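S.K.: Using only what follows, build the 3D model:
(one chain, ligands or ions: 1)
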Amino acid sequence: MRYASLTEKGRVRDNNEDSCFSDGRVFVVADGMGGHRAGEVASSTAVEVFLHFERDNRGLDPQDRIREGILSANLELYKQARSDPRLEGMGTTFTCALLEEEVCLGHVGDSRAYRWRGGELGLLTRDHSLVERMVREGYITRLEARNHPQRNIILRALGVSDELEVDLDSYAALPGDRLLLCSDGLTGSLEDEEINHIVTEVTETEACCRHLVDAANDRGGFDNITVVLIDFEGRVARETSRPKGKKKKRRWWRGRS
Ligand code: CA
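M.R.: Okay, the predicted model is just below:
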């Protein structure tokens, strides 16, 4: 297994409010929000609290550990935001993967996890954003959502309330899979097809992260950009990953409705 990560502030913002972590077993992307550096505090604190909880609670089932780790980060941010006026209104997204027997995912907000398998990219998370809800309820199209003036409004984040619902998922990784965690600085700039093109073409892990971030910067770099990429062993060449004559692999979506 190989992994790499890259986070940059982009070309417009003065600071980077994204945080990420990867150690070969735990992987996190968090995208903070809030005035005057509060976003940086939010995302970095959430990652720290989560890692601390995860380390101290290995006895818990992975999904419980993820959920409770995110909840404890949420409570810490909520407490800090209420006690320090400079941090009022801070919050963060949080998307993480734990590699145990399976790949276990936890998710809140509009950062994303994608699985690349056999040349196809499947979204594993659902954005907790206003535009995603409007698309699902049929008010706007996915195309309209991309340029919607309210596309940055998120409906779920850590630090906003003492209660929080966490999305959980898990799947068995296959040799050759790639798992991408990213902030909306990537997905707001690049279409899924463009991300898939880069993830398919650039086989080296670190170089792939570099290409993804560069591509988002080339589109203007309007937001902080963070990518974490995990390559599972046995990656096969694109040409041989889908043998001729065999049925095309079904695009994978998570089962939640
Ligand atoms: Ca962002």
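
S.K.: Quick one: residues contacting the residue nearest the centre of the chain.
M.R.: Nearest to the mean C-alpha position of the chain, counting by CA atoms, centre = their mean, stands R112 at 3.3 Å. Contacts for R112 (CB atoms under 8 Å, 6 or more residues apart in numbering) come out as T95, L123, L124, T125, D127, L180, L181, C182, D184, T187. Using the backbone N, CA and C atoms, a C-beta is placed for each residue, glycine as well.

S.K.: And for E68?
M.R.: Contacts of E68 by CB under 8 Å, 6+ apart are F53, N57, L60.

S.K.: gap between the closest residue to the residue nearest to the centre of the chain other than its chain neighbours and V29?
M.R.: The shortest distance from R112 to any non-neighbouring residue, by CB to CB, 6 or more residues apart in numbering, is to T125 (5.1 Å). According to CB to CB, to the nearest Å, T125 and V29 sit 11 Å apart.

S.K.: Pick out whichever of these two has more residues nearby.
M.R.: V29 (31 against 21; other CB atoms under 10 Å).

S.K.: How about the contacts made by the more buried one?
M.R.: Taking CB under 8 Å, 6+ apart as the test, what V29 contacts is 18-20, 93-96, 111, 181-183, 226-228.

S.K.: buried set for stretch 48-63?
M.R.: Neighbour-count burial for stretch 48-63 flags V49, F50, L51, F53, E54, P62, Q63 (criterion: 16 or more other CB atoms under 10 Å).

S.K.: If you could redo that for stretch 107-116, that was the one I meant.
M.R.: For stretch 107-116, by 16+ other CB under 10 Å, it's H107, V108, G109, D110, S111, R112, A113, Y114, R115, W116.

S.K.: list the contacts for the last one?
M.R.: Under the criterion of CB under 8 Å, 6+ apart, the neighbours of W116 are G122, D177, R178, L179, L180, N196, V199, T200.

S.K.: and it, what are its bridge partners?
M.R.: L121, R178 (DSSP bridges).

S.K.: where's it relative to the ion, distance?
M.R.: Distance, W116 to the ion, by CB to the ion, to the nearest Å: 22 Å.

S.K.: Give me the secondary structure label for the residue nearest to E194 when sequence neighbours are not counted.
M.R.: Nearest residue to E194, sequence neighbours excluded (CB to CB, 6+ apart): A215, at 6.8 Å. What DSSP: H, G, I helix; E, B strand; the rest coil gives for A215 is helix.

S.K.: my read: A215 touches T187, true?
M.R.: No. Between A215 and T187 there is no contact under CB atoms under 8 Å: 11.5 Å.

S.K.: N196: what's it in contact with?
M.R.: Contacts for N196 (CB under 8 Å, 6+ apart) come out as W116, G119, E120, L121.

S.K.: can we see that at 7 Å?
M.R.: Contact analysis of N196 by CB atoms under 7 Å, 6 or more residues apart in numbering lists L121.

S.K.: now it: how far from the ion?
M.R.: Separation of N196 from the ion (CB to the ion): 21 Å.

S.K.: which one is D177 nearest to, not counting chain neighbours?
M.R.: Excluding its sequence neighbours, the residue lying closest to D177 (CB to CB, 6+ apart) is F232, at 4.5 Å.

S.K.: Contact residues of the protein facing the ion?
M.R.: With CB under 5 Å from the ion as the criterion, the chain meets the ion at residues D31, D184, D223.

S.K.: Isn't the first one up against T92?
M.R.: Spelled out, that is D31. Yes. If you go by CB atoms under 7 Å, D31 and T92 touch, sitting 6.3 Å apart.

S.K.: What is the neighbour count of the residue nearest to N224 when sequence neighbours are not counted?
M.R.: Ranked by CB to CB, 6+ apart and with sequence neighbours excluded, the top spatial neighbour of N224 is D18, at 4.3 Å. Neighbour count of D18, defined by other CB under 10 Å: 30.

S.K.: Low-confidence ranges, the protein, go.
M.R.: Where the chain drops to pLDDT under 70, the residues are 235-257.

S.K.: pull the longest helix from it.
M.R.: helix 62-83 (DSSP state H).
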